[in-house]
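Student: below are the sequence and a predicted model for it; my questions follow.
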Amino acid sequence: DMLCRADSIGVFQVESRAQMATLPRLKPREFYDLVVEVALIRPGPIQGGSVHPYIRRRNGLEKWQHDHPLLKGALDKTLGVPLFQEQLMQIAVDVAGFAAAAADELRRAMGAKRSEEKMERLRDRFFAGMAANGITGEVADGIFRKMIAFANFGFPESHAISFASLVYYSAWFKYYYPAAF
């Protein structure tokens, strides 16, 4: 309840204005909600247009379906919205036919300096793979646009889980031991 009210000053990772604006809208009720909260307010998901659709879907305000059925395996857990680097690697495998090594190359490109340049070099291979799976036009463009947005920093899920643990511990101390906190 404290986090849902955005009473999070001093709480690790959720005291920024953007996080505090998101907490009452996301209404975290279980641990994985904190994982999503931590991952959602990052440049990659923000620039990829993931924040508002995820919150609307999470709150039952927006019906959704995957842009293409091949996205189901990678994106079901996050309501069709890419939030984690591992999801983008899985999209590369499922949608564009990348081998695991090529998907790892994509992951490294996402996290590297000048990552947008490296991602652009993978563009032709990615679009060729999507075309081979019948994904073209606006749907293909939208999928790749979200990939490029993650080149501007999206979390691995494991990192978000670790940070969410620290959010929970910090919030617990703030609530139960405010003077010591």
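Tutor: Happy to help now that I have it.

Student: can you list phi and psi of residue 166 for me?
Tutor: Taking degrees, to the nearest 10, you get phi -70, psi -30 for the backbone angles of residue 166.

Student: confidence score at it?
Tutor: In this model, residue 166 is scored at 97, pLDDT.

Student: tell me which residues touch it, please.
Tutor: Listed by Cβ atoms under 8 Å, 6 or more residues apart in numbering, the contact set of residue 166 reads 12, 13. In short, each C-beta sits where N, CA and C put it, glycine included.

Student: and the helix or strand that contains residue 73, what does it pack onto?
Tutor: Assigned by DSSP states H and E, residue 73 belongs to helix 72-75. Judged by 3 or more Cβ pairs under 8 Å, 6 or more residues apart in numbering; DSSP states H and E, helix 72-75 is in contact with helix 85-96.

Student: contacting residues around the helix holding residue 73?
Tutor: Helix 72-75 is contacted by residues 66, 81, 82, 87, 88, 90, 91, 94, 95 when judged by Cβ under 8 Å, 6+ apart.

Student: just the buried members of those residues?
Tutor: Buried subset of these (neighbour count, 16 or more other Cβ atoms under 10 Å): 81, 82, 87, 88, 90, 91, 94, 95.

Student: gap between the fifth one and residue 31?
Tutor: Pointing back at residue 90 there. 22 Å (Cβ to Cβ, to the nearest Å).

Student: same question, the fourth one
Tutor: Shown here: residue 88 relative to residue 31, a distance of 23 Å by Cβ to Cβ.

Student: ok, back up a step: what's the mean pLDDT across the helix holding residue 73?
Tutor: Averaging pLDDT along helix 72-75 yields 94.
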